[in-house]
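> Sequence and predicted structure below; questions after.
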Amino acid sequence: FTGRIPRDHFCELIEGAGIVPPTLCMIGGKWTTFRSFGELAADIVLERLCRQRIVGTENMPIGGGRHFPMAP
């Protein structure tokens, strides 16, 4: 059943007005896509701050997977 649920995600930076700061809206995603979703959000924020990524998580195990093999 869960295989039919979309895993797509979407990020949009909404500019603030006056004293209201910009807001990063994050919509959608699932556990299996949270890392790419977080990376997308971080990329948007880093670009806004004119900064470059200095650390990545692509080679770290996903939480909850401790003591489980990296491959099936």
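Cool, the structure landed.

> and E47, what helix or strand is that in?
helix 34-48 (DSSP states H and E).

> Identify the residues contacting that helix?
9, 11, 13, 22, 24, 26, 28-29, 52-53, 56-58, 62 (C-beta atoms under 8 Å, 6 or more residues apart in numbering). Just so you know, the C-beta spots here come from the backbone N, C-alpha and C atoms, and that holds for glycine as well.

> what residue ranges in this protein score low on pLDDT?
Low-confidence segments of the chain (pLDDT under 70): 1-3, 5-6, 31, 62-72.

> Give the helix, strand or coil label for the residue lying farthest from the centre of it.
Residue farthest from the centre of the chain, counting by C-alpha atoms, centre = their mean, is G18 at 27.6 Å. Secondary structure assignment for G18 (DSSP: H, G, I helix; E, B strand; the rest coil): coil.

> Look at M26 and tell me its secondary structure.
strand.

> Please tell me I have it right and F10 contacts I27.
Yes - the criterion here is C-beta atoms under 8 Å, and F10 meets it with I27 at 4.7 Å.

> The spatially most central residue of the chain and D8, how far apart?
The structure's the chain has its C-alpha centroid closest to G38; by C-alpha atoms, centre = their mean the separation is 1.4 Å. Distance of G38 to D8, given as C-beta to C-beta, to the nearest Å: 15 Å.

> Please apply the same query to P22.
23 Å.

> Any buried residues in the helix or strand hosting C11, and which?
C11 is located in strand 9-14, with elements delineated by DSSP H and E. Judged by neighbour count (16 or more other C-beta atoms under 10 Å), strand 9-14 contains these buried residues: H9, C11.

> tell me the angle of that strand relative to helix 34-48?
20 degrees (axes from the mean of the first three to the mean of the last three C-alpha atoms, to 10 degrees).
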